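K.L.:
Quick one: sequence plus predicted model below, questions after.
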Amino acid sequence: NMPDAGAEMAFDFLENEFFSVTYRIEKIEQVNWNEEWEKNFEPIDVNGKCYVRAPFHEPKNADFEIVIEPKMSFGTGHHETTFMMIEHLLELSVENQTVLDMGCGTAILAILAAKKSAGKVDAIDNDTWCYENSLENIVRNETPDIRVFLGDASTLQTLDVQYDLIIANINRNILLQDLATYVAYLKQGGLILLSGFYKHDIPVMEEKCVSLGLSQQLVKERNHWVAMKYVKL
């Protein structure tokens, strides 16, 4: 049989006159890849107050324990931005407050807010995997009152809720694009936590925030990533 076009291109690549390629073919034994993945997935301890683990880890006596089955979603606590957002939340009193987790990923931050006795918690993500994973994690952590929505910033118009606290751990470009919408649904005197960008992005983020009537309160930095806290004046 003649090889297809893709195979012909591969053969041409291997025979390129400018360089040579060597390779070997090896058959590997059957491995339980789930078990291997679990071996390399370590729990996260945030300042001795919040313990984030997967279902296959042993529980630990902590102020707040969160069980996350990450699957294809962002937000296990391992990334610097999630870690710092957890730190921010641990330092805040959110009891009876309305909280929004924008771009929720695994819903880890929404779950922590609920465990800290927030009054109403909404979580939004535009990715179907994240939406479904969030629903699973909410059940797993016994925080059933969290509302999860599949959507983007435009979903806020449908919900029409004024929030005491908005958490947005996304990325610089999305934040710059949607920040005005977030602020429109943030109460006067409310707080917004922003992360998902680097230290060198602070000037452009600060300029945008100030233009929307936000005042910087605190900046956390971890391995060049930052997490900023603002208040709506």
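P.N.:
The structure has been received and is ready for your questions. Residues are numbered from 1 along each chain as shown.
K.L.:
Helices of the protein, start to end?
P.N.:
5-14, 33-39, 80-91, 108-115, 128-140, 155-159, 172-184, 202-211 (DSSP state H).
K.L.:
Give me the helices and strands touching the fifth one, please.
P.N.:
Based on contacts counted as 3 or more Cβ pairs under 8 Å, 6 or more residues apart in numbering; DSSP states H and E, the elements that helix 128-140 packs against are helix 108-115, strand 120-125, strand 147-150. In this view, the C-beta of every residue, glycine as well, is placed from N, C-alpha and C.
K.L.:
How many neighbouring residues does the residue nearest to M84 when sequence neighbours are not counted have?
P.N.:
Spatial nearest neighbour of M84, excluding adjacent residues (Cβ to Cβ, 6 or more residues apart in numbering): A227 at 3.6 Å. Neighbours of A227 under the rule other Cβ atoms under 10 Å: 25.
K.L.:
before we move on, what about G196?
P.N.:
22.
K.L.:
how close does it sit to V183?
P.N.:
G196 sits at a distance of 17 Å from V183 (criterion: Cβ to Cβ, to the nearest Å).
K.L.:
same thing with D160?
P.N.:
Remark: distance between D160 and V183 (Cβ to Cβ) = 15 Å.
K.L.:
what about the two, which has more around it?
P.N.:
Set side by side, D160 and V183 show more neighbours around V183, with 19 against 7, by other Cβ under 10 Å.
K.L.:
Would you mind getting the angle between the strand ranked longest in the chain and helix 172-184?
P.N.:
Counting residues, the longest strand found in the chain (DSSP state E) is strand 186-198. Relative orientation of strand 186-198 and helix 172-184, computed by axes from the mean of the first three to the mean of the last three Cα atoms, to 10 degrees: 170 degrees.
K.L.:
Work out the sheet partners of strand 186-198 and label each with its direction, please.
P.N.:
Paired strands of strand 186-198, with direction, are strand 163-169 (parallel), strand 225-232 (antiparallel) (DSSP bridges).
K.L.:
what's in contact with that strand?
P.N.:
Here strand 186-198 makes contact (Cβ atoms under 8 Å, 6 or more residues apart in numbering) with 81, 84-85, 88-89, 92, 98, 103, 162-172, 174-175, 179, 182-183, 205, 209, 214, 217, 224-233.
K.L.:
among the residues you listed, which ones are buried?
P.N.:
Buried members of these, scored by 16 or more other Cβ atoms under 10 Å, are 81, 84-85, 88-89, 92, 98, 103, 163-170, 174-175, 179, 182-183, 205, 209, 214, 225-232.
K.L.:
All set now, cheers.
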